[in-house]
Each structure stands twice: as structure tokens, then as C-alpha cells.
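**Student:** compute the structure for the input listed below.
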Amino acid sequence: MKKWTAYFRSWTIIRYLRLAIGILFLFEMFDSRLWALGLVAGFFFFLAFFVGCSGNCSSKNRYF
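**Tutor:** Below you'll find the model as predicted:
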């Protein structure tokens, strides 16, 4: 369990935003029954989980 909390604590706000957008598209996919939105949701999940930082990754002061 400590590995999971350490993993998510190392995330930046942008990664949390990508995850939230992916969840939003996932719910919208089921609600509107547009299955193509699953690809968009999958893309944002991929960005959240596999694309780390896209800028300055050297900041050690994270408040999350």
C-alpha cells in the first residue's frame, strides 16, 4: 500500500488533471453510448499513467 501512495504522491497536478479528464470521457462514453469516446478516454489514461512530467521535473517541493 505504501508503494501506491508513494506512486500517486509523486504525481503533479497535470497528471491528476489528465486522469480526471479520462474518467470524465469514460463516463460520457457510457452515458451517450458513443464508443469512440473510449479511445479518447484511453488516450488520457495513457497520458496520466505513462507520460510523467512534460516540463521541469526537478522540483522537489510538491504539496500533494
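**Student:** okay, helices next: where are they in the protein?
**Tutor:** 2-9, 13-32, 37-50 (DSSP state H).
**Student:** low-confidence ranges in this structure?
**Tutor:** Confidence mapping of the chain against pLDDT under 70 gives the ranges 52-64.
**Student:** kindly recompute the last result at 50.
**Tutor:** Scanning the chain for pLDDT under 50 picks out 64.
**Student:** need the helices of the chain in a markdown table (columns: mean neighbour count).
**Tutor:** All C-beta spots, glycine's among them, are computed from the backbone N, C-alpha and C. Putting these into a markdown table (neighbours: other CB atoms under 10 Å) gives the following:
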| stretch | mean neighbour count |
| --- | --- |
| helix 2-9 | 9 |
| helix 13-32 | 15 |
| helix 37-50 | 15 |
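**Student:** who touches Phe49 in this structure?
**Tutor:** The neighbours of Phe49, taking CB atoms under 8 Å, 6 or more residues apart in numbering as the test, are Leu19.
**Student:** Ile13 versus Glu28, what's the distance?
**Tutor:** Computed with CB to CB, to the nearest Å, the distance linking Glu28 and Ile13 is 22 Å.
**Student:** put the alpha carbons of stretch 41-53 into CSV.
**Tutor:** The C-alpha atoms that make up stretch 41-53 are tabulated as CSV, following Å, rounded to 0.1, in the frame of the first residue of the first chain:
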residue,chain,number,x,y,z
ALA,A,41,-10.6,8.2,-22.6
GLY,A,42,-7.9,5.6,-23.1
PHE,A,43,-5.6,8.3,-24.6
PHE,A,44,-6.0,10.4,-21.4
PHE,A,45,-5.4,7.4,-19.2
PHE,A,46,-2.3,6.6,-21.1
LEU,A,47,-1.1,10.2,-20.7
ALA,A,48,-1.8,10.1,-16.9
PHE,A,49,-0.2,6.8,-16.2
PHE,A,50,2.7,6.5,-18.6
VAL,A,51,3.7,10.1,-19.6
GLY,A,52,5.4,11.5,-16.5
CYS,A,53,6.4,15.1,-16.5
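**Student:** quick one: distance of it to the chain centre.
**Tutor:** Centre-to-centre, stretch 41-53 and its host chain are 5 Å apart (CA atoms, centre = their mean, to the nearest Å).
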